[in-house]
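# generate a structure from the sequence data that follows.
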Amino acid sequence: MKPVELIKLPIKNEMELFEEKFKESMLSKVPLLNRITYYIIRRKGKQMRPMFVFLVAKMVSNGGFDERTYRGASVVELIHTATLVHDDVVDDSNRRRGFFSVNALWKNKIAVLVGDFLLSKGLLLSIDNEDFDLLKLISIAVREMSEGELLQIEKARKLDITEDVYFDIIRKKTATLIAACCGIGAASVGANQDCVRKMRKFGEYIGIAFQIKDDLFDYTETNIGKPTGIDIKEQKMTLPLIYTLNNCSKKEKSWLINSVKKHNKNKKRVKEVIAFVKDNGGIEYTTNQMNDYKNKALAILGDFPESEYKNSLITMIDYVVERKI
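Numbering: from 1, shown residues only. Okay, here's the model as predicted:
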């Protein structure tokens with residue numbers, strides 16, 4: 001059985017019902033919108049975020065559940081889908097999960113409006129049901145995701161990202177939405193504020209480990225659907241590179257920065273940068289950092305009693321750091 005199917009096993013029925021509820025939450029009276037949202041649903045990803053909502057809800061309530069949990073999962077997936085549609089416009093990307101993106105098929109104007117529609121649907125789902133605590137958690141995530149993207153754009157121009165700024169960016173860009181999933185899962189079943197905060201922190205740690213793993217893919221030869229060296233070509237300052245820049249001679253640092261800024265399209269030069277980062281401990285340091293965040297997440301789970309939901313979350317953490325794609 002694939003890791004994702006194994007993780008999903010204790011919440012299989014909830015995930016199946018969620019699929020129906022999620023489709024309903026996207027419905028519109030505009031035929032064009034329904035055609036586009038149908039296209040999006042047909043090409044859904046692994047749905048890790050709703051899985052976090054359900055598994056955390058079940059774990060903290062000893063198997064209990066609430067209709068609010070379905071709404072929380074739908075809100076998360078609506079907001080997440082909206083950000084993906086908008087991201088493809090911002091990045092001028094024509095592909096998403098191996099298929100044409102919304103903007104590639106229906107152009108930027110329609111894609112932006114579809115993203116806005118999905119965002120409003122998510123907000124209204126919470127407001128109409130007075131799930132204001134869940135709405136606050138997802139709204140914080142949306143604000144931080146925007147801040148993280150803009151902070152990365154600002155810093156990328158100068159390539160002056162420190163390790164502290166890097167972690168701030170990935171916490172906001174990637175980890176905050178997974179933190180919201182876990183916080184919403186706990187809040188949806190009436191967990192106290194301390195538990196909600198704890199589960200948000202749990203999600204944040206997993207999100208950071210997830211992004212660090214993505215950074216490591218840039219230095220691997222495996223076929224993961226993301227070409228080796230793509231971050232360097234796009235002048236993204238990832239942790240292996242940041243560490244290496246901070247731990248090499250002035251001359252080597254100058255060569256690295258010059259390579260990333262002016263020779264990032266040169267395949268031979270990019271390979272040389274990758275080799276230099278590997279030889280100077282960048283990969284080892286980054287892997288240790290990833291495992292550190294993995295262990296922080298596992299430590300939080302240690303506060304909860306044994307259950308199949310907790311075991312699935314442990315499998316989820318292992319999957320995040322060991323995945324091949």
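
# in the stretch 1-150 of the chain, which spans are helices?
Ranges of helices in the stretch 1-150 of the chain, per DSSP state H, counting those that start in this stretch, are 3-8, 12-25, 31-42, 48-60, 67-90, 102-128, 132-156.

# the fourth one vs helix 12-25, what angle?
Relative orientation of helix 48-60 and helix 12-25, computed by axes from the mean of the first three to the mean of the last three CA atoms, to 10 degrees: 130 degrees.

# thought residue 219 was touching residue 240?
Yes - using CB atoms under 8 Å, residue 219 and residue 240 qualify as a contacting pair, with a distance of 6.0 Å. Glycine gets a C-beta too; all of them are placed from N, C-alpha and C.

# joint contacts of these two?
277, 282, 283 (CB atoms under 8 Å, 6 or more residues apart in numbering).

# I'd like to know how many residues surround the first one.
Translated: residue 277. By other CB atoms under 10 Å, 25 other residues sit near residue 277.

# cool, and the last one?
Per other CB under 10 Å, the neighbour tally for residue 283 reads 20.

# residue 30 too?
By other CB under 10 Å, neighbour count at residue 30 equals 11.

# where in this protein is pLDDT low?
Scanning the chain for pLDDT under 70 picks out 95-98, 157-158, 221-229, 235, 324-325.

# hang on, the earlier thing: packed most tightly, which of the helices of the stretch 1-150 of the chain would that be?
Of all those, helix 48-60 carries the top mean neighbour count, a mean of 26, counting by mean count of other CB atoms under 10 Å.

# coming back round to it: which one among the shared contacts of residue 219 and residue 240 gets closest to residue 169?
residue 282 (17.7 Å; CB to CB).

# right, and the closest one touches residue 246 too?
No - counting by CB under 8 Å, residue 282 does not reach residue 246; the two are 10.0 Å apart.

# more neighbours, those two?
A count of neighbours by other CB under 10 Å puts residue 282 above the other of residue 282 and residue 246, at 26 against 12.

# from residue 212, how far off is the more buried one?
12 Å (CB to CB, to the nearest Å).

# between those two, which contacts overlap?
Common contact partners of residue 282 and residue 212 (CB under 8 Å, 6+ apart): residue 239.

# neighbours of residue 245, just the number please.
22.

# so which bits of the helix or strand harbouring it are buried?
Following DSSP states H and E, one finds residue 245 within helix 239-246. By neighbour count with 16 or more other CB atoms under 10 Å, helix 239-246 contains the buried residues 239, 240, 241, 242, 243, 244, 245.

# by contact count, what packs against it?
Secondary-structure packing of helix 239-246 (3 or more CB pairs under 8 Å, 6 or more residues apart in numbering; DSSP states H and E): helix 163-170, helix 193-217, helix 250-262, helix 267-279, helix 282-301.

# let's see it at 6 Å
Helix 239-246 sits against helix 282-301, with contacts defined as 3 or more CB pairs under 6 Å, 6 or more residues apart in numbering; DSSP states H and E.

# could you check the helix it packs on and say which residues are buried?
282-283, 285-287, 289-290, 293-294, 296-298, 300-301.

# helices or strands next to it in the packing?
Using 3+ CB pairs under 6 Å, 6+ apart as the contact test, the elements touching helix 282-301 are helix 193-217, helix 239-246, helix 308-322.

# could you dump the ones you listed to a markdown table with distance to residue 6?
Formatted as a markdown table, these follow (distance: least, CB to CB, whole Å):
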| stretch | distance to residue 6 |
| --- | --- |
| helix 193-217 | 17 |
| helix 239-246 | 29 |
| helix 308-322 | 6 |
